[in-house]
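**Q** could you work out the structure for the sequence below:
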Amino acid sequence: MKKIVFTFALCLAVGLSSFGQKKAVKSAENEIKSDKPNLADARTSIKGAMSDPETKDDAKTYYVAGMIENKQFDQERTKELLGQQPNEETMYQSLLAIIPYFTQADKLDQLPDAKGKVKPKYRKDIKSIINANRPYYINGGAFYFDKRDYKQAYDFFMIYLDIPKMDMFKGDNIALNDTLYSQIKFYAAVAASQMGEDGRQKAIDMYTSLKSDDYKTNEVYQYLCFEYEQAGDTLNLIATLKEGVDKFPNEPYFLLGLINQYIYANLYDDAVDYLLKAIERKPQDPQLYDVLGRIYENKKEIDKAAEYFEKALQIDPNYVEALGNMGRIYYNKGVDAQAAANDISDNKLYNEEIAKAKEIFKSALPFFEKAHELKPADRDYINALRSIYYNLNMNEQFEKIEKELNTPADTE
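**A** Numbers count the residues shown, from 1 in each chain. Modelled structure (predicted):
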(Lines give C-alpha, C1' and ligand atoms only; values in the text may rest on other atoms or scores of the structure.)
Protein backbone atom coordinates (compact mmCIF):
# COMPACT_ATOMS: atom_id res chain seq x y z
CA MET A 1 0.00 0.00 0.00
CA LYS A 2 2.84 2.41 0.82
CA LYS A 3 4.50 1.69 -2.54
CA ILE A 4 1.31 2.54 -4.43
CA VAL A 5 0.86 5.81 -2.55
CA PHE A 6 4.50 6.77 -3.21
CA THR A 7 4.13 6.16 -6.99
CA PHE A 8 0.98 8.24 -7.08
CA ALA A 9 2.74 11.04 -5.22
CA LEU A 10 5.65 10.92 -7.68
CA CYS A 11 3.30 11.15 -10.67
CA LEU A 12 1.55 14.08 -9.03
CA ALA A 13 4.90 15.81 -8.48
CA VAL A 14 5.84 15.37 -12.15
CA GLY A 15 2.47 16.71 -13.21
CA LEU A 16 2.88 19.73 -10.97
CA SER A 17 6.39 20.32 -12.33
CA SER A 18 5.11 20.33 -15.91
CA PHE A 19 2.26 22.61 -14.95
CA GLY A 20 4.73 24.84 -13.10
CA GLN A 21 7.00 25.21 -16.15
CA LYS A 22 4.11 26.00 -18.45
CA LYS A 23 3.01 28.53 -15.91
CA ALA A 24 6.56 29.94 -15.92
CA VAL A 25 6.38 30.40 -19.72
CA LYS A 26 3.04 32.17 -19.35
CA SER A 27 4.41 34.28 -16.52
CA ALA A 28 7.42 35.32 -18.64
CA GLU A 29 5.07 36.14 -21.52
CA ASN A 30 2.91 38.31 -19.29
CA GLU A 31 5.95 40.01 -17.83
CA ILE A 32 7.16 41.33 -21.17
CA LYS A 33 3.69 42.67 -21.90
CA SER A 34 3.58 44.71 -18.71
CA ASP A 35 4.33 48.43 -18.56
CA LYS A 36 7.49 47.95 -16.53
CA PRO A 37 8.68 44.42 -17.26
CA ASN A 38 11.27 42.74 -15.08
CA LEU A 39 13.27 41.11 -17.85
CA ALA A 40 15.72 39.47 -15.47
CA ASP A 41 12.87 37.55 -13.83
CA ALA A 42 11.41 36.73 -17.24
CA ARG A 43 14.75 35.29 -18.39
CA THR A 44 15.07 33.21 -15.23
CA SER A 45 11.60 31.76 -15.77
CA ILE A 46 12.14 30.95 -19.43
CA LYS A 47 15.55 29.38 -18.90
CA GLY A 48 13.95 26.92 -16.48
CA ALA A 49 11.34 26.07 -19.11
CA MET A 50 14.02 25.51 -21.75
CA SER A 51 15.66 22.83 -19.61
CA ASP A 52 12.47 21.09 -18.48
CA PRO A 53 11.59 17.92 -20.45
CA GLU A 54 7.93 18.95 -20.71
CA THR A 55 8.54 22.45 -22.17
CA LYS A 56 11.99 22.35 -23.78
CA ASP A 57 10.49 21.17 -27.07
CA ASP A 58 7.60 23.59 -27.05
CA ALA A 59 7.72 26.29 -29.74
CA LYS A 60 6.17 28.78 -27.36
CA THR A 61 9.09 28.47 -24.93
CA TYR A 62 11.56 29.69 -27.52
CA TYR A 63 9.15 32.21 -28.97
CA VAL A 64 8.80 33.83 -25.53
CA ALA A 65 12.59 33.65 -25.03
CA GLY A 66 13.05 35.56 -28.29
CA MET A 67 10.38 38.06 -27.30
CA ILE A 68 12.20 38.76 -24.02
CA GLU A 69 15.37 39.63 -25.92
CA ASN A 70 13.38 41.65 -28.43
CA LYS A 71 11.79 43.58 -25.56
CA GLN A 72 15.23 44.36 -24.18
CA PHE A 73 16.40 45.48 -27.60
CA ASP A 74 13.30 47.67 -28.05
CA GLN A 75 13.84 49.35 -24.70
CA GLU A 76 17.39 50.38 -25.59
CA ARG A 77 16.49 51.31 -29.14
CA THR A 78 13.68 53.55 -27.87
CA LYS A 79 16.19 55.46 -25.76
CA GLU A 80 18.27 55.99 -28.90
CA LEU A 81 15.25 57.20 -30.87
CA LEU A 82 14.45 59.64 -28.07
CA GLY A 83 17.96 61.07 -28.16
CA GLN A 84 18.97 59.36 -24.93
CA GLN A 85 22.09 57.26 -24.50
CA PRO A 86 21.27 53.56 -24.77
CA ASN A 87 23.37 50.76 -23.37
CA GLU A 88 24.65 49.69 -26.78
CA GLU A 89 26.31 46.54 -25.53
CA THR A 90 23.03 45.39 -23.96
CA MET A 91 21.03 46.47 -27.02
CA TYR A 92 23.13 44.58 -29.53
CA GLN A 93 23.68 41.48 -27.40
CA SER A 94 19.89 41.20 -27.03
CA LEU A 95 19.51 41.65 -30.78
CA LEU A 96 22.07 38.90 -31.30
CA ALA A 97 20.23 36.53 -28.93
CA ILE A 98 16.88 36.90 -30.72
CA ILE A 99 17.85 34.91 -33.81
CA PRO A 100 18.71 31.50 -32.27
CA TYR A 101 15.58 31.59 -30.08
CA PHE A 102 13.28 32.52 -32.94
CA THR A 103 14.95 30.03 -35.27
CA GLN A 104 14.32 27.21 -32.80
CA ALA A 105 10.78 28.42 -32.17
CA ASP A 106 10.01 28.41 -35.90
CA LYS A 107 11.55 24.96 -36.33
CA LEU A 108 9.35 23.53 -33.58
CA ASP A 109 6.37 25.50 -34.85
CA GLN A 110 6.54 23.64 -38.17
CA LEU A 111 6.23 20.19 -36.59
CA PRO A 112 2.94 18.33 -37.21
CA ASP A 113 0.47 18.03 -34.36
CA ALA A 114 -1.06 14.81 -33.06
CA LYS A 115 -3.27 14.65 -36.17
CA GLY A 116 -0.33 15.09 -38.50
CA LYS A 117 -1.22 18.66 -39.43
CA VAL A 118 1.14 21.63 -39.41
CA LYS A 119 -0.53 24.66 -37.87
CA PRO A 120 2.14 27.27 -37.15
CA LYS A 121 1.22 29.81 -34.48
CA TYR A 122 4.29 32.02 -34.38
CA ARG A 123 5.92 32.18 -37.83
CA LYS A 124 4.08 35.28 -39.02
CA ASP A 125 4.99 37.22 -35.89
CA ILE A 126 8.58 35.96 -35.89
CA LYS A 127 9.10 36.95 -39.52
CA SER A 128 7.66 40.39 -38.91
CA ILE A 129 9.99 41.05 -35.97
CA ILE A 130 13.10 39.73 -37.72
CA ASN A 131 12.34 41.77 -40.82
CA ALA A 132 11.87 44.93 -38.75
CA ASN A 133 15.09 44.30 -36.82
CA ARG A 134 17.22 43.30 -39.81
CA PRO A 135 18.77 46.74 -40.57
CA TYR A 136 19.99 46.98 -36.97
CA TYR A 137 22.32 44.04 -37.51
CA ILE A 138 24.28 46.37 -39.77
CA ASN A 139 24.45 48.89 -36.92
CA GLY A 140 25.57 46.15 -34.56
CA GLY A 141 28.32 45.10 -36.95
CA ALA A 142 29.52 48.71 -37.22
CA PHE A 143 29.40 49.09 -33.42
CA TYR A 144 31.67 46.08 -32.82
CA PHE A 145 33.92 46.91 -35.78
CA ASP A 146 34.60 50.32 -34.20
CA LYS A 147 35.40 48.50 -30.95
CA ARG A 148 37.79 46.27 -32.93
CA ASP A 149 35.82 43.22 -31.92
CA TYR A 150 35.97 41.87 -35.46
CA LYS A 151 34.53 38.45 -34.62
CA GLN A 152 31.33 40.03 -33.26
CA ALA A 153 31.23 42.49 -36.16
CA TYR A 154 31.48 39.60 -38.62
CA ASP A 155 28.69 37.70 -36.82
CA PHE A 156 26.33 40.67 -37.00
CA PHE A 157 27.01 41.32 -40.68
CA MET A 158 26.49 37.63 -41.43
CA ILE A 159 23.12 37.55 -39.66
CA TYR A 160 21.97 40.43 -41.89
CA LEU A 161 23.17 38.46 -44.93
CA ASP A 162 21.74 35.11 -43.81
CA ILE A 163 18.24 36.24 -42.81
CA PRO A 164 16.86 36.08 -46.40
CA LYS A 165 18.19 32.51 -46.66
CA MET A 166 16.26 31.27 -43.61
CA ASP A 167 13.63 28.61 -44.22
CA MET A 168 10.88 30.92 -42.97
CA PHE A 169 11.71 33.47 -45.70
CA LYS A 170 11.76 31.04 -48.62
CA GLY A 171 9.64 32.43 -51.43
CA ASP A 172 9.76 35.96 -50.02
CA ASN A 173 11.06 38.69 -52.31
CA ILE A 174 14.13 39.75 -50.33
CA ALA A 175 16.92 41.08 -52.54
CA LEU A 176 20.19 39.19 -52.45
CA ASN A 177 21.88 41.17 -55.20
CA ASP A 178 21.23 44.82 -54.43
CA THR A 179 23.99 47.30 -53.65
CA LEU A 180 23.37 47.28 -49.88
CA TYR A 181 23.56 43.49 -49.72
CA SER A 182 26.88 43.54 -51.58
CA GLN A 183 28.10 46.35 -49.34
CA ILE A 184 27.47 44.30 -46.20
CA LYS A 185 29.19 41.31 -47.79
CA PHE A 186 32.19 43.58 -48.31
CA TYR A 187 32.09 44.73 -44.67
CA ALA A 188 31.83 41.13 -43.49
CA ALA A 189 34.87 40.21 -45.59
CA VAL A 190 36.87 43.12 -44.17
CA ALA A 191 35.89 42.15 -40.61
CA ALA A 192 36.90 38.54 -41.27
CA SER A 193 40.22 39.73 -42.71
CA GLN A 194 40.89 41.70 -39.52
CA MET A 195 40.49 38.48 -37.54
CA GLY A 196 43.79 37.26 -38.95
CA GLU A 197 44.35 33.55 -39.39
CA ASP A 198 41.02 32.69 -37.73
CA GLY A 199 39.06 34.65 -40.31
CA ARG A 200 41.22 34.16 -43.40
CA GLN A 201 39.11 31.48 -45.08
CA LYS A 202 35.93 33.39 -44.27
CA ALA A 203 37.43 36.48 -45.91
CA ILE A 204 38.51 34.48 -48.96
CA ASP A 205 35.07 32.94 -49.34
CA MET A 206 33.33 36.31 -49.03
CA TYR A 207 35.65 38.14 -51.42
CA THR A 208 35.31 35.28 -53.90
CA SER A 209 31.53 35.62 -53.67
CA LEU A 210 31.84 39.38 -54.26
CA LYS A 211 33.82 38.99 -57.50
CA SER A 212 30.60 38.81 -59.51
CA ASP A 213 28.63 41.40 -57.53
CA ASP A 214 29.80 44.52 -59.38
CA TYR A 215 30.62 46.22 -56.08
CA LYS A 216 34.11 47.69 -55.56
CA THR A 217 35.34 44.90 -57.81
CA ASN A 218 38.83 46.32 -58.17
CA GLU A 219 39.25 46.48 -54.39
CA VAL A 220 37.68 43.05 -53.97
CA TYR A 221 40.29 41.48 -56.26
CA GLN A 222 43.11 43.31 -54.50
CA TYR A 223 41.93 42.22 -51.05
CA LEU A 224 41.50 38.67 -52.29
CA CYS A 225 45.08 38.71 -53.58
CA PHE A 226 46.21 39.96 -50.18
CA GLU A 227 44.44 37.08 -48.41
CA TYR A 228 45.97 34.49 -50.74
CA GLU A 229 49.38 36.05 -50.21
CA GLN A 230 48.95 35.93 -46.42
CA ALA A 231 47.82 32.32 -46.68
CA GLY A 232 50.86 31.43 -48.80
CA ASP A 233 48.54 30.18 -51.54
CA THR A 234 50.70 31.10 -54.55
CA LEU A 235 48.59 29.12 -57.02
CA ASN A 236 45.38 31.03 -56.28
CA LEU A 237 47.28 34.29 -55.88
CA ILE A 238 48.71 34.07 -59.41
CA ALA A 239 45.35 32.98 -60.85
CA THR A 240 43.60 35.96 -59.20
CA LEU A 241 46.32 38.38 -60.30
CA LYS A 242 45.88 37.13 -63.88
CA GLU A 243 42.14 37.71 -63.63
CA GLY A 244 42.84 41.17 -62.28
CA VAL A 245 45.19 42.01 -65.16
CA ASP A 246 42.52 40.99 -67.69
CA LYS A 247 39.69 42.72 -65.86
CA PHE A 248 41.55 45.92 -64.91
CA PRO A 249 44.29 46.47 -67.49
CA ASN A 250 44.88 50.03 -66.28
CA GLU A 251 45.36 49.02 -62.64
CA PRO A 252 49.11 48.55 -61.98
CA TYR A 253 48.53 46.57 -58.78
CA PHE A 254 47.69 43.34 -60.60
CA LEU A 255 50.32 43.54 -63.31
CA LEU A 256 53.11 44.46 -60.92
CA GLY A 257 51.96 41.86 -58.42
CA LEU A 258 51.95 39.19 -61.11
CA ILE A 259 55.37 40.28 -62.35
CA ASN A 260 56.72 40.09 -58.80
CA GLN A 261 55.39 36.56 -58.40
CA TYR A 262 57.07 35.52 -61.62
CA ILE A 263 60.31 37.18 -60.54
CA TYR A 264 60.21 35.40 -57.15
CA ALA A 265 59.76 32.13 -59.02
CA ASN A 266 62.54 33.04 -61.52
CA LEU A 267 60.00 32.84 -64.35
CA TYR A 268 61.46 35.86 -66.11
CA ASP A 269 60.18 34.96 -69.58
CA ASP A 270 56.58 34.86 -68.31
CA ALA A 271 57.12 38.24 -66.65
CA VAL A 272 58.49 39.72 -69.88
CA ASP A 273 55.54 38.37 -71.89
CA TYR A 274 53.02 40.09 -69.61
CA LEU A 275 54.95 43.34 -69.62
CA LEU A 276 55.23 43.45 -73.41
CA LYS A 277 51.47 42.92 -73.69
CA ALA A 278 50.92 45.71 -71.18
CA ILE A 279 53.24 48.01 -73.14
CA GLU A 280 51.19 47.37 -76.27
CA ARG A 281 48.15 48.68 -74.38
CA LYS A 282 49.95 51.56 -72.65
CA PRO A 283 53.05 52.47 -74.65
CA GLN A 284 53.51 55.77 -72.79
CA ASP A 285 53.65 54.28 -69.29
CA PRO A 286 57.22 54.73 -67.97
CA GLN A 287 56.63 52.32 -65.11
CA LEU A 288 56.21 49.39 -67.50
CA TYR A 289 59.57 50.05 -69.18
CA ASP A 290 61.20 50.52 -65.79
CA VAL A 291 59.92 47.18 -64.50
CA LEU A 292 60.96 45.48 -67.74
CA GLY A 293 64.43 46.93 -67.25
CA ARG A 294 64.55 45.49 -63.72
CA ILE A 295 63.70 42.05 -65.08
CA TYR A 296 66.52 42.18 -67.63
CA GLU A 297 68.82 43.39 -64.88
CA ASN A 298 67.87 40.32 -62.83
CA LYS A 299 68.62 38.21 -65.91
CA LYS A 300 72.09 39.83 -65.99
CA GLU A 301 71.33 41.39 -69.38
CA ILE A 302 72.56 44.78 -68.27
CA ASP A 303 72.65 46.53 -71.65
CA LYS A 304 69.07 45.46 -72.33
CA ALA A 305 68.07 46.70 -68.88
CA ALA A 306 69.69 50.09 -69.52
CA GLU A 307 67.83 50.33 -72.84
CA TYR A 308 64.46 50.04 -71.08
CA PHE A 309 65.41 52.40 -68.27
CA GLU A 310 66.35 54.94 -70.93
CA LYS A 311 62.95 54.45 -72.62
CA ALA A 312 61.22 55.14 -69.33
CA LEU A 313 63.21 58.37 -68.95
CA GLN A 314 62.46 59.41 -72.52
CA ILE A 315 58.77 59.32 -71.61
CA ASP A 316 59.25 60.95 -68.21
CA PRO A 317 62.68 62.47 -67.46
CA ASN A 318 61.67 62.82 -63.80
CA TYR A 319 60.65 59.20 -63.32
CA VAL A 320 62.66 58.76 -60.16
CA GLU A 321 62.76 54.95 -60.07
CA ALA A 322 64.27 54.80 -63.57
CA LEU A 323 66.75 57.52 -62.60
CA GLY A 324 67.87 55.47 -59.62
CA ASN A 325 68.04 52.31 -61.71
CA MET A 326 70.19 53.93 -64.40
CA GLY A 327 72.44 55.37 -61.72
CA ARG A 328 72.79 51.94 -60.15
CA ILE A 329 73.79 50.33 -63.46
CA TYR A 330 76.61 52.82 -63.97
CA TYR A 331 77.57 52.68 -60.31
CA ASN A 332 77.84 48.87 -60.36
CA LYS A 333 79.91 49.03 -63.54
CA GLY A 334 82.19 51.53 -61.81
CA VAL A 335 82.55 49.26 -58.79
CA ASP A 336 83.43 46.31 -61.04
CA ALA A 337 85.95 48.40 -62.99
CA GLN A 338 87.52 49.62 -59.75
CA ALA A 339 87.76 46.07 -58.39
CA ALA A 340 89.40 44.90 -61.60
CA ALA A 341 91.90 47.76 -61.41
CA ASN A 342 92.83 46.81 -57.85
CA ASP A 343 94.04 43.44 -59.14
CA ILE A 344 96.55 45.06 -61.48
CA SER A 345 100.13 45.23 -60.21
CA ASP A 346 101.45 47.46 -63.01
CA ASN A 347 101.18 51.00 -61.67
CA LYS A 348 100.70 52.70 -65.03
CA LEU A 349 98.03 50.28 -66.18
CA TYR A 350 96.41 50.51 -62.74
CA ASN A 351 96.09 54.30 -63.00
CA GLU A 352 94.62 54.00 -66.47
CA GLU A 353 91.96 51.54 -65.30
CA ILE A 354 91.17 53.59 -62.17
CA ALA A 355 90.66 56.61 -64.41
CA LYS A 356 88.23 54.58 -66.50
CA ALA A 357 86.35 53.53 -63.34
CA LYS A 358 86.05 57.15 -62.26
CA GLU A 359 84.58 58.10 -65.64
CA ILE A 360 81.94 55.41 -65.15
CA PHE A 361 81.17 56.78 -61.67
CA LYS A 362 80.79 60.21 -63.26
CA SER A 363 78.19 58.74 -65.62
CA ALA A 364 76.18 57.55 -62.61
CA LEU A 365 76.38 60.90 -60.86
CA PRO A 366 73.71 62.95 -62.72
CA PHE A 367 71.14 60.17 -62.37
CA PHE A 368 71.60 59.88 -58.61
CA GLU A 369 71.77 63.65 -58.12
CA LYS A 370 68.45 64.14 -59.89
CA ALA A 371 66.87 61.20 -58.05
CA HIS A 372 68.08 62.69 -54.76
CA GLU A 373 66.64 66.06 -55.73
CA LEU A 374 63.25 64.45 -56.39
CA LYS A 375 63.33 62.20 -53.31
CA PRO A 376 65.71 63.83 -50.83
CA ALA A 377 64.81 61.51 -47.96
CA ASP A 378 65.65 58.29 -49.85
CA ARG A 379 68.65 56.76 -48.07
CA ASP A 380 69.68 54.63 -51.07
CA TYR A 381 70.30 57.71 -53.20
CA ILE A 382 72.17 59.45 -50.38
CA ASN A 383 74.45 56.44 -49.82
CA ALA A 384 75.14 56.10 -53.54
CA LEU A 385 76.08 59.78 -53.83
CA ARG A 386 78.30 59.56 -50.75
CA SER A 387 80.23 56.66 -52.29
CA ILE A 388 80.57 58.36 -55.69
CA TYR A 389 81.72 61.67 -54.20
CA TYR A 390 84.30 59.78 -52.16
CA ASN A 391 85.63 57.86 -55.18
CA LEU A 392 85.81 61.03 -57.26
CA ASN A 393 87.52 63.00 -54.47
CA MET A 394 84.69 65.53 -54.46
CA ASN A 395 85.35 66.53 -50.85
CA GLU A 396 82.96 69.46 -50.54
CA GLN A 397 80.03 67.43 -51.92
CA PHE A 398 81.10 64.44 -49.81
CA GLU A 399 80.98 66.45 -46.56
CA LYS A 400 77.57 67.86 -47.44
CA ILE A 401 76.05 64.47 -48.24
CA GLU A 402 77.74 62.97 -45.16
CA LYS A 403 75.91 65.54 -43.05
CA GLU A 404 72.59 64.58 -44.71
CA LEU A 405 73.28 60.92 -44.09
CA ASN A 406 73.88 61.56 -40.39
CA THR A 407 70.69 63.63 -40.03
CA PRO A 408 67.94 61.63 -38.26
CA ALA A 409 65.12 60.81 -40.66
CA ASP A 410 62.45 62.46 -38.50
CA THR A 411 64.20 65.85 -38.71
CA GLU A 412 64.53 65.93 -42.45
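**Q** contacts for the helix or strand harbouring Asp155 next, please.
**A** Using DSSP states H and E, Asp155 falls within helix 150-162. Defining contact as Cβ atoms under 8 Å, 6 or more residues apart in numbering, one finds that helix 150-162 is touched by 92, 96, 99, 134-135, 137-138, 140-145, 181, 184-185, 187-188, 191-192, 194-195, 198-199, 202. For every residue, glycine as well, the C-beta is placed using N, CA and C.
**Q** what's the mean pLDDT across it?
**A** Over the span of helix 150-162, the pLDDT mean works out to 97.
**Q** list the buried residues for it?
**A** Tyr150, Gln152, Ala153, Tyr154, Asp155, Phe156, Phe157, Met158, Ile159, Tyr160, Leu161 (16 or more other Cβ atoms under 10 Å).
**Q** next secondary structure after it?
**A** Past helix 150-162, the next helix or strand by DSSP H and E is helix 179-194.
**Q** what angle do the helix or strand following that next one and helix 150-162 make?
**A** For helix 179-194, the following helix or strand on the C-terminal side (DSSP H and E) is helix 200-210. When axes from the mean of the first three to the mean of the last three Cα atoms, to 10 degrees is applied, the directions of helix 200-210 and helix 150-162 differ by 30 degrees.
**Q** quick one: helix 200-210 to helix 179-194, angle?
**A** 150 degrees.
**Q** could you pull out the buried residues of helix 200-210?
**A** Arg200, Lys202, Ala203, Ile204, Met206, Tyr207, Leu210.
**Q** out of those residues, which is nearest to Tyr308?
**A** Tyr207 (34.5 Å; Cβ to Cβ).
**Q** what residues does the stretch of helix or strand Ser387 belongs to touch?
**A** Under the criterion of DSSP H and E, Ser387 resides in helix 379-391. Applying Cβ under 8 Å, 6+ apart, the external contacts of helix 379-391 come out as 324, 327-328, 331, 334, 338, 357-358, 361, 364-365, 368-369, 371-372, 375, 394-395, 397-398, 401-402, 404-405, 409.
**Q** ok so, going back, just how off-centre is the helix holding Asp155 within its chain?
**A** 14 Å (Cα atoms, centre = their mean, to the nearest Å).
**Q** try stretch 131-142
**A** 21 Å.
**Q** list the buried residues in it.
**A** Judged by neighbour count (16+ other Cβ under 10 Å), stretch 131-142 contains these buried residues: Asn133, Tyr136, Tyr137, Ile138, Asn139, Gly140, Gly141.
**Q** what strand or helix carries Pro283?
**A** Using DSSP H and E, no helix or strand contains Pro283.
**Q** check it and give its pLDDT.
**A** We have a pLDDT of 93 for Pro283.
**Q** let me see the domain layout of the protein.
**A** The record's domain parsing of the chain by automatic domain parsing lists 18-162, 320-412.
**Q** I'd like those domains as CSV, with distance to Tyr215 appended.
**A** What follows is these, written out as CSV (distance: least, Cβ to Cβ, whole Å):
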stretch, distance to Tyr215
domain 18-162, 13
domain 320-412, 33
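**Q** how many other residues sit next to Leu288?
**A** Neighbours of Leu288 under the rule other Cβ atoms under 10 Å: 27.
**Q** can you turn the buried part of the contacts of helix 379-391 into a ChimeraX selection?
**A** Applying 16+ other Cβ under 10 Å to the contacts of helix 379-391, the buried members can be selected in ChimeraX as follows:
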select :324,327,328,331,334,338,357,358,361,364,365,368,369,371,372,375,394,397,398,401
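**Q** out of the contacts of helix 379-391, which sit inside helices?
**A** Those of the contacts of helix 379-391 mapping onto helices are 324, 327-328, 331, 334, 338, 357-358, 361, 364-365, 368-369, 371-372, 395, 397-398, 401-402, 404-405, per DSSP state H.
**Q** quick one, what contacts Ile163?
**A** Contact analysis of Ile163 by Cβ under 8 Å, 6+ apart lists Ile130, Asn131, Arg134, Tyr137, Phe169, Ile174.
**Q** whatever helix or strand the fourth one lives in versus helix 179-194: what angle between them?
**A** In this case it means Tyr137. Secondary-structure assignment from DSSP H and E places Tyr137 in helix 123-146. Interaxial angle of helix 123-146 relative to helix 179-194 (the same axes, to 10 degrees): 50 degrees.
**Q** how about residues contacting helix 123-146?
**A** Contacts of helix 123-146 (Cβ under 8 Å, 6+ apart): 63, 66, 70, 73, 77, 88, 92, 95-96, 98-99, 102, 105-106, 109-110, 150, 152-157, 159-160, 163, 166, 168-169, 184, 187-188, 191.
**Q** what do you get if the cut-off is 6 Å, keeping everything else the same?
**A** Contact with helix 123-146 is made by 70, 88, 92, 95, 102, 106, 109, 152-153, 156-157, 159-160, 163, 168, 191, as judged by Cβ atoms under 6 Å, 6 or more residues apart in numbering.
**Q** and if you look at stretch 174-189?
**A** Contacts for stretch 174-189 (Cβ under 6 Å, 6+ apart): Tyr154, Phe157, Met158, Tyr160, Leu161, Pro164, Ala203, Met206, Tyr207, Leu210, Asp213, Tyr215.
**Q** please apply the same query to stretch 308-321.
**A** The list of residues contacting stretch 308-321 from outside it, by Cβ under 6 Å, 6+ apart, reads Gln284, Pro286, Tyr289, Asp290, Leu292, Gly293, Ala322, Asn325, Met326, Ala371, Leu374, Lys375.
**Q** could you do stretch 369-376 as well?
**A** Val320, Leu323, Gly324, Tyr381, Leu385.
**Q** run through the residues that contact the closest residue to Ala364 other than its chain neighbours.
**A** For Ala364, ignoring the flanking residues on the chain, the nearest one in space by Cβ to Cβ, 6 or more residues apart in numbering is Tyr330 at 3.5 Å. Taking Cβ under 6 Å, 6+ apart, we find Tyr330 in contact with Ile360, Ser363, Ala364.
**Q** mind redoing it with 7 Å?
**A** Contacts for Tyr330 (Cβ atoms under 7 Å, 6 or more residues apart in numbering) come out as Ile360, Ser363, Ala364, Phe367.
**Q** kindly report the same for Met168.
**A** Met168 neighbours (Cβ under 7 Å, 6+ apart): Asp106, Arg123, Ile126, Lys127.
**Q** kind regards, and thank you for your time.
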